[in-house]
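Enquirer: sequence below, structure please.
(one chain, ligands or ions: 3)
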Amino acid sequence: MSQGVCILGSTGSIGCNTLDVISRNLDQYSVRVLTAHSNWQKLLEQCKNYQPEKVIIADQQSAELLTAELRKLNLSIQVESGRDAIINAARTPGVEIVVAAIVGAAGLLPTLTAVECGLKVLLANKEALVMSGELFMNAVKAHRAILLPVDSEHNAIFQSLPGADDNGLASLEGVHKILLTGSGGPFRQLPLNELSQVTPDQACAHPNWDMGRKISVDSATMMNKGLELIEACFLFGVPLEQIEIVVHPQSIVHSMVSYADGSVIAQMGNPDMRTPIAHTLAWPSRIEAGVEPLNFFEMSNLTFESPDFERFPGLKLAAQAMQVGGTAPCTLNAANEVAVEAFLAGKIRFTDIAPVIRKTMEHVEVREAQNLQTIIEVDQLSREFALSVVEQRGQ
Ligand SMILES: NC(=O)C1=CN([C@@H]2O[C@H](COP(=O)(O)OP(=O)(O)OC[C@H]3O[C@@H](n4cnc5c(N)ncnc54)[C@H](OP(=O)(O)O)[C@@H]3O)[C@@H](O)[C@H]2O)C=CC1
Ligand SMILES: CC(=O)[C@@H](O)[C@H](O)COP(=O)(O)O
Ligand SMILES: [Mn+2]
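Expert: Ligands and ions are numbered 1, 2, ... in the order given. Next comes the predicted model:
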């Protein structure tokens, strides 16, 4: 029987890849709800192709334009708008699977709603987990939601761990270490003195993955790996010391797990997000994803190296935030979002991103991450302070 899917952030890179996988498996999945921020043109195209029951777009004016176009096409699709409608998207009757693919902190509340409804949640939105780690995982357990990682490395780790219970909570039996791979991004080998001059377009030109602009900049600073370090600690319940970052520029090995007996199990594949999306949609089964299998005879050398902490100061900041605990990861994430947005808008240089985060972490008081209210407050305070640092640096 067909399962009802809600995609939070359907117009983005993960959202579009999810729809591509669904289009190959229409006997098993039906699109119920799609959400976007303001890209009503892309949402209209998705309405024509997938005929969801409901679409939700945060921006009111975009919702009006979309409604008018749907009327002209005689498509009877319900249109809602506003932040609250997105937060409640997962409550739509018939939704069984929620793909959390909104970028950044805006994804936290809509994803938590899906968790609170006890649904199958496919998590791409790593920022939500970084912000609210323990609280998020406690909600998963309390509501018996099924949480499956879409982020390619965490999906690889999940596939390489010994097994998981029915809710996707993985076993760590015999696990020695988790080896979290990262490409090093587009500036891995750029002379250090040229880093301050790189442009947003250069930062977004990832060597292996085609992704949204925010995560692309995160890959270029390697803050993506820092966020992923924290994501892995919470998802798999492992301490920081049990995770090692391994730079692997080709992005063919998507991460590995090393075991007490010396075995190392890796998940490999061409760098295409349709693989982890298909894996999580069908778990524990397998479905067609449209991804070419690896051709080992045509593959170039696979190489591995240690991360360069001088070039990528964000890595240390992320590890430090995890070590400090409480709301420190929430502050790290908020400051990073503000700094990346400022860099993309041409307000600060690439090399200003880490100092903005460091200064914010030094300034904002760390609290216990007890409840959602605290997390939302700390997120807001951290953004305000990071913005003031951006303004100083931009002068
Ligand atoms: N892209 C990838 O390959 C990977 C992404 N991820 C993670 O997945 C998430 C999505 O990434 P990606 O698809 O690249 O991002 P994109 O920027 O491509 O897409 C973001 C989506 O979120 C929507 N959105 C943005 N802001 C808001 C808001 N304030 N309220 C509601 N919706 C909003 C956008 O709508 P609109 O189009 O209207 O602006 C769009 O649908 C991120 O957390 C990222 O870290 C993880 C691994 C790989
Ligand atoms: C595809 C994916 O999961 C991204 O998070 C990816 O990891 C980005 O590449 P980096 O390894 O360069 O951060
Ligand atoms: Mn990743």
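
Enquirer: every contact and neighbour count from this point should use C-alpha atoms.
Expert: Noted.

Enquirer: can you spell out which residues form a bridge with the nearest residue to Gln159 once chain neighbours are set aside?
Expert: Spatial nearest neighbour of Gln159, excluding adjacent residues (CA to CA, 6 or more residues apart in numbering): Gln267 at 6.9 Å. Gln267 has the following beta-bridge partners by DSSP bridges: Ser255.

Enquirer: burial of Gln267, as a residue count?
Expert: 18 (other CA atoms under 10 Å).

Enquirer: can you check the one 10 residues further on too?
Expert: As a burial measure, the neighbour count of Ile277 was computed by other CA under 10 Å and equals 30.

Enquirer: report pLDDT for Ser300.
Expert: What the model reports as pLDDT for Ser300 is 80.

Enquirer: Arg393 too?
Expert: On the pLDDT scale, Arg393 gets 82.

Enquirer: ok, it - contacts?
Expert: Neighbouring residues of Arg393 by CA atoms under 8 Å, 6 or more residues apart in numbering: Ile348, Asp352.

Enquirer: and the strands in the chain, which stretches?
Expert: Listed in chain order, the strands of the chain (DSSP state E) span 3-8, 29-36, 54-57, 78-81, 97-100, 120-123, 146-149, 175-182, 243-247, 253-259, 264-268.

Enquirer: show me what counts as buried in the last one.
Expert: In this case it means strand 264-268. Applying a neighbour-count criterion of 16 or more other CA atoms under 10 Å, one finds Val264, Ile265, Ala266, Gln267 buried in strand 264-268.

Enquirer: circling back: list the contacts for the residue nearest to Gln159?
Expert: Ala156, Ile157, Gln159, Ser160, Val253, His254, Ser255, Met256.

Enquirer: any idea how far the second one lies from ligand 3?
Expert: The span separating Ile157 from ligand 3 equals 11 Å under the rule CA to the ion, to the nearest Å.

Enquirer: quick check: that residue touching Ser255?
Expert: Yes - contact criterion CA atoms under 8 Å: Ile157 and Ser255 qualify, at 5.9 Å.

Enquirer: quick revisit: which one of the strands of the chain lies nearest to ligand 1?
Expert: Nearest to ligand 1, of all those, is strand 29-36, at 3.9 Å by CA to the nearest ligand atom.

Enquirer: report the angle between the closest one and strand 3-8.
Expert: 20 degrees (axes from the mean of the first three to the mean of the last three CA atoms, to 10 degrees).
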